[in-house]
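S.K.: Predicted model and sequence follow; I will ask about them next.
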Amino acid sequence: MSFRSALFAASAFIAATNAHITISNPVPYSADQVKIDKAAITADQFPCKSQYGFKVTQMNSMKVGEPQKLEFDGSAVHGGGSCQLSYTTDTEPTKDSVFKVIKSIEGGCPGVDGTKSFEYTLPDSIPNGHGTFVWSWMAKMSGAPEFYMNCAPIDVTGGASDASGLNALPDMFIANIASTTCTSPLNHAVKFPNPGENLEDGGTNDVEDPTGDCGAKGSTPATPSSGAPVESSPVVSAPASAPVQTAPAASATAAPVQSTLATIATSAPAASAPVASAPIASVPVASSPVSATIPSGTAPANSGSGSETGGSTGGSTGSPGSCSSDGAIVCNGADQFGICNGGSVVWQAVAHGTTCSNGNIQKRTMYYARPALHARRI
């Protein structure tokens with residue numbers, strides 16, 4: 001790799017990592033690594049960016065009932081979203097740890113135009129001793145549903161002598177990283193199914209219920225396995241008086257697509273008399289994750305966008321560009337977006353089934369053209 005290529009790769013990595021959020025107070029585990037890697041977590045990193053371990057950079061002392069400050073490092077708030085503050089008695093949490101909610105914030109977290117600090121107190125149900133404080137976040141506008149999670153070591157005083165009261169609190173809501181269909185809503189702050197008694201309204205009027213198999217606490221991340229077969233999405237058939245031409249089967253993909261109704265034209269078999277029209281069959285597109293097959297030689301149209309700069313429009317990433325509004329979503333055509341950070345932006349592909357337009361990630365509308373029908377001459 002040339003020096004120029006290495007420098008570009010390093011610059012792109014720094015811009016991408018800085019374009020996210022992490023907690024700075026309380027000080028998280030393995031703070032040096034977490035401060036650099038501000039990205040959302042994946043299922044194999046759950047919980048707490050566990051790939052960096054649980055090094056106690058600084059023990060955070062907290063007394064039950066006393067006001068505490070939640071503060072952040074980073075610039076891109078993705079339009080806000082919803083956050084939860086939780087606690088577990090485990091000092092090195094695992095996938096089997098139980099995280100109990102002590103406060104929920106619906107909308108405007110960790111900020112809208114930039115990060116802001118939040119106040120919270122530990123309830124008297126938390127037992128004395130060492131444990132783990134948890135901040136989780138589902139962003140409003142992040143291109144695709146994501147789950148952010150930071151954890152910090154805390155030493156609790158003035159609390160309970162046992163965990164009976166803690167166990168009565170609701171479980172932390174988890175979405176967007178599991179093998180189930182539970183996802184946070186696109187371009188909205190998620191409304192928690194069970195936020196607990198300590199709920200703060202962010203006042204953004206953009207809260208919406210999650211979708212899929214969420215239940216009261218969302219989904220549980222599955223342990224990733226290699227070589228596992230991927231089930232194909234079911235093909236939905238529709239009744240019609242004339243035969244329906246078979247469409248290519250859809251293949252499974254990681255990004256969920258919202259259910260929509262597509263109108264497909266069907267053609268009737270040839271007859272001795274002129275055919276005036278053919279029946280139309282309405283076929284619902286399956287709401288499970290699908291990826292439509294595009295015929296060879298065709299490419300999706302590149303519509304106008306709210307992009308502040310030009311660049312490559314294909315692939316998962318492109319050359320960095322310039323921008324003016326830190327924290328804002330910037331479109332590069334319909335198929336790429338980036339987060340403005342310090343006057344620069346690194347392009348990445350939008351999630352399947354979505355498009356970038358005027359600084360917003362939106363669902364892509366699917367159209368099927370009705371074929372021309374001709375009468376057969378006798």
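M.R.: That came through fine. Residues are numbered from 1 along each chain as shown.
S.K.: how about the helices in the chain?
M.R.: 3-18, 31-36, 164-167 (DSSP state H).
S.K.: Mean pLDDT lowest where, among those helices?
M.R.: Mean pLDDT is lowest for helix 3-18 among the helices of the chain, at a mean of 41.
S.K.: what stretches of this protein score poorly on pLDDT?
M.R.: 1-19, 179, 219-320, 364-378 (pLDDT under 70).
S.K.: quick one, domains of it?
M.R.: 7-208, 254-267+279-284+301-378 (automatic domain parsing).
S.K.: how about the ones you listed in JSON lines, adding distance to Ala216 and mean neighbour count?
M.R.: Glycine gets a C-beta too; all of them are placed from N, C-alpha and C. Converted to JSON lines, the domains of the chain look like this (distance: least, C-beta to C-beta, whole Å; neighbours: other C-beta atoms under 10 Å):
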{"stretch": "domain 7-208", "distance to Ala216": "4", "mean neighbour count": "19"}
{"stretch": "domain 254-267+279-284+301-378", "distance to Ala216": "21", "mean neighbour count": "17"}
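S.K.: Distance to Lys217 added to the ones you listed, as CSV?
M.R.: Shown next, in CSV, are those (distance: least, C-beta to C-beta, whole Å):
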stretch, distance to Lys217
domain 7-208, 4
domain 254-267+279-284+301-378, 19
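S.K.: Figure out which of those is closest to Cys214.
M.R.: domain 7-208 (4.0 Å; C-beta to C-beta).
S.K.: Spatially nearest residue to Gln51, not counting backbone neighbours?
M.R.: In this structure, Gln51 finds its nearest non-sequential neighbour in Gln45, 5.4 Å apart by C-beta to C-beta, 6 or more residues apart in numbering.
S.K.: do the same with Gly212
M.R.: Nearest one to Gly212, counting by C-beta to C-beta, 6+ apart, is Thr181 at 3.3 Å.
S.K.: Would you map the strands across the stretch 101-250 of the chain?
M.R.: Using DSSP state E, counting those that start in this stretch, the strands of the stretch 101-250 of the chain run over residues 118-120, 129-139, 148-157, 189-190, 199-201, 207-208.
S.K.: Just checking: what are the partner strands of the second one?
M.R.: Going back to what we said before, that points to strand 129-139. If you go by DSSP bridges, strand 129-139 pairs up with strand 81-88 (antiparallel), strand 148-157 (antiparallel).
S.K.: now Pro123, nearest residue through space, not along the chain?
M.R.: Excluding the flanking residues, the one nearest Pro123 by C-beta to C-beta, 6+ apart is Ile102, at 5.8 Å.
S.K.: Same list (the strands paired with strand 129-139) but as TSV, adding distance to Glu106.
M.R.: Shown next, in TSV, are the strands paired with strand 129-139 (distance: least, C-beta to C-beta, whole Å):
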stretch	distance to Glu106
strand 81-88	5
strand 148-157	16
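S.K.: Which among those is found nearest to Lys55?
M.R.: When the strands paired with strand 129-139 are compared by C-beta to C-beta, strand 148-157 sits nearest Lys55, at 9.2 Å.
S.K.: how near is the residue nearest to Gln51 to Cys109?
M.R.: Distance, Gln45 to Cys109, using C-beta to C-beta, to the nearest Å: 21 Å.
S.K.: again, but for Gln68
M.R.: Counting by C-beta to C-beta, the separation of Gln68 from Cys109 is 16 Å.
S.K.: Looks like Tyr148 contacts Trp137 (just checking).
M.R.: Yes. Using C-beta atoms under 8 Å, Tyr148 makes contact with Trp137 at a distance of 4.1 Å.
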